[in-house]
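Q: this is a predicted model, with the sequence first.
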Amino acid sequence: MRSAKDFFQPLAVGAPDPLREIPFRPSRMIHFFDPSNPKMAAKVPEIAAKVDILLGNLEDAIQADRKQAAREGLVSIGKQADLGETQLWARVNSLDSPWFLDDMLRLVGELGDRLDVIMLPKVQGPWDIYYADQLLAQLEARHGVTRPILLHAILETATGVNQVEAIAHASPRMQGLSLGPADLAASRRMKTTRVGGGHPGYVVRADPNPESPSDARPSVQQDLWHYTIARMVDACAAAGILPFYGPFGDIADLVACEDQFRNAFLLGCVGAWSLHPNQIAIARRVFSPPPEEVAWAKRVIEAMGDGTGAVMIDGKMQDDATVKQCRVMVSLAELIASRDPEMRAAYGMS
Ligand code: GLV
Ligand code: MG
């Protein structure tokens, strides 16, 4: 492990100083688009106005013979499009692919400061982050980049889950983690072919009725992803970085998508990927704290004064801990309100 004294030193002469804190901007959805597809590229300005983060995807879902077109498409969109306050991210190909190195050379060389975050897929351990960190520092120095380009790792290998705390702490460049349920299912040899969400076979069933053993026994689907999301959230919170739920593949099932996103939100995630425009509104709704909860949280904060002691509000006990829970809710609402006028109005904030 690098000495704490050196942790915030640039890794290359001329690279910008690493950040001491990860900037937390509204990040409710990371909207994926295929930069090799001219139709999608044409829609970028319109979509950018609706999302918190726009991500040019160079990895899976882009056919091998379109990889170069996707890379060059992203370079030209990144240079030309006016994205306003919307963050621009790129998902590069994995470190073991024939495309990773050129992805990095082209994107940093051409986009530099216009690129906020690089998403690294199939991260296995901190060693992958060390390599990308060093390479980015060299490229930043070479191209005169003035603020560090951050790294976001997808948690989608069994080894990566084993190493998640070390990955989260590997570099001051680490911005966050996303759960990648498809690759992770394959890596773990889970027997689901779905991308995220539940599975009708993963249930807990009620005991038989002893009086009438032939009665139907109700069962309830359980969440296949609970353990991994919870573990990822803890790793991120401990490292001061941001956790995200990843893709929900059944684009037509808006209800189950909303459930999956909400489970992730309640467990501590700040956002999720949107793979289709109809998932944008879901992420926006789910990852903006509900106005009535925010109003309640403000009431608690006000009643708690200096934040110590205990009070009863509507029959519910409040104390030093609950006021902290309420501050999480209100500070997130304030952040969202700073970007989203509709939510600002819903929260009654000016
Ligand atoms: C995302 O990349 C996934 O594999 O689920
Ligand atoms: Mg994947």
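A: Cool, got the structure. Ligands and ions are numbered 1, 2, ... in the order given.
Q: once you drop chain neighbours, what's closest to the spatially most central residue of the chain?
A: Centroid check for the chain by Cα atoms, centre = their mean gives Phe244 as the closest residue, at 2.8 Å. In space, not counting the residues next to it along the chain, Phe244 is nearest to Ser178; the distance is 4.2 Å by Cβ to Cβ, 6 or more residues apart in numbering. Yep, even glycine has a C-beta here, placed from its N, CA and C like the rest.
Q: what mean pLDDT does the host helix or strand of the one you found have?
A: Element membership for Ser178 (DSSP states H and E) is strand 174-179. In this model, strand 174-179 has a mean pLDDT of 98.
Q: next: stretch 78-90.
A: Per-residue pLDDT over stretch 78-90 has a mean of 94.
Q: before we move on, what about stretch 6-20?
A: On average, the pLDDT along stretch 6-20 is 97.
Q: and that stretch, what's buried?
A: 11-12, 15-16, 18 (16 or more other Cβ atoms under 10 Å).
Q: what is the burial count for the residue in the chain that ligand 2 sits nearest to?
A: Of all residues in the chain, Asp183 sits closest to ligand 2, at 3.6 Å by Cβ to the ion. Using other Cβ atoms under 10 Å, Asp183 has 19 other residues around it.
Q: and it, what element?
A: With DSSP H and E as the test, Asp183 turns up in helix 181-188.
Q: just how off-centre is that helix within its chain?
A: In this view, helix 181-188 has its centroid 17 Å away from the chain centroid, taken as Cα atoms, centre = their mean, to the nearest Å.
Q: mind giving me the packing neighbours of the following helix or strand past that helix?
A: Once helix 181-188 ends, the next helix or strand along the chain (criterion: DSSP H and E) is strand 203-205. Packed against strand 203-205 by the contact rule (3 or more Cβ pairs under 8 Å, 6 or more residues apart in numbering; DSSP states H and E) you find strand 219-221.
Q: pull the CA atoms of the helix or strand following the strand it packs on into CSV?
A: Going down the chain from strand 219-221, the next helix or strand is helix 226-239, by DSSP H and E. The C-alpha trace of helix 226-239 is given here as CSV (Å, rounded to 0.1, in the frame of the first residue of the first chain):
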residue,chain,number,x,y,z
HIS,A,226,-28.9,-7.5,-2.2
TYR,A,227,-25.7,-8.8,-0.8
THR,A,228,-23.5,-7.3,-3.5
ILE,A,229,-25.2,-3.9,-3.5
ALA,A,230,-24.9,-3.7,0.3
ARG,A,231,-21.3,-4.7,0.2
MET,A,232,-20.6,-2.2,-2.6
VAL,A,233,-22.3,0.6,-0.7
ASP,A,234,-20.3,-0.1,2.4
ALA,A,235,-17.0,-0.1,0.5
CYS,A,236,-17.9,3.2,-1.2
ALA,A,237,-19.1,4.9,1.9
ALA,A,238,-15.9,3.9,3.7
ALA,A,239,-13.8,5.2,0.9
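Q: from the contact counts, what lies against helix 226-239?
A: Packed against helix 226-239 by the contact rule (3+ Cβ pairs under 8 Å, 6+ apart) you find helix 164-168, strand 174-179, strand 242-245, helix 254-267.
Q: point out the residues in the stretch 101-250 of the chain that sit beside ligand 2.
A: Applying Cβ under 5 Å from the ion, one finds that the stretch 101-250 of the chain approaches ligand 2 through 156, 180, 183.
Q: on that earlier part again, any chance of the helices and strands packed on helix 226-239 in a markdown table, plus distance to Lys5?
A: Formatted as a markdown table, the helices and strands packed on helix 226-239 follow (distance: least, Cβ to Cβ, whole Å):
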| stretch | distance to Lys5 |
| --- | --- |
| helix 164-168 | 20 |
| strand 174-179 | 19 |
| strand 242-245 | 26 |
| helix 254-267 | 35 |
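Q: and the ones you listed as a markdown table, adding distance to ligand 1?
A: Shown next, in a markdown table, are the helices and strands packed on helix 226-239 (distance: least, Cβ to the nearest ligand atom, whole Å):
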| stretch | distance to ligand 1 |
| --- | --- |
| helix 164-168 | 15 |
| strand 174-179 | 7 |
| strand 242-245 | 10 |
| helix 254-267 | 12 |
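Q: tell me which of these lies nearest to Lys79.
A: With distances scored as Cβ to Cβ, the stretch of those nearest to Lys79 is strand 174-179 (22.4 Å).
Q: now do that closest one against helix 226-239, angle only.
A: 170 degrees (axes from the mean of the first three to the mean of the last three Cα atoms, to 10 degrees).
Q: can you give the contact residues for strand 174-179?
A: 22, 27, 30, 117, 119, 129, 150-156, 164, 167-168, 196, 225, 228-229, 232, 235-236, 239, 241-246, 264, 270, 273 (Cβ atoms under 8 Å, 6 or more residues apart in numbering).
Q: filter those residues down to the buried ones, ChimeraX style.
A: Those of the contacts of strand 174-179 that count as buried under 16+ other Cβ under 10 Å are selected in ChimeraX with:
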select :22,27,30,117,119,129,150,151,152,153,154,155,156,164,167,168,196,225,228,229,232,235,236,239,241,242,243,244,245,246,264,270,273
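Q: okay, and the beta partners of Val220?
A: Val204 (DSSP bridges).
Q: what about it, how many neighbours?
A: Around Val220 sit 9 other residues, with neighbours defined as other Cβ under 10 Å.
Q: pretty sure it sits against Pro200.
A: No - the pair Val220 / Pro200 is not scored as a contact, 10.9 Å apart, by Cβ atoms under 8 Å.
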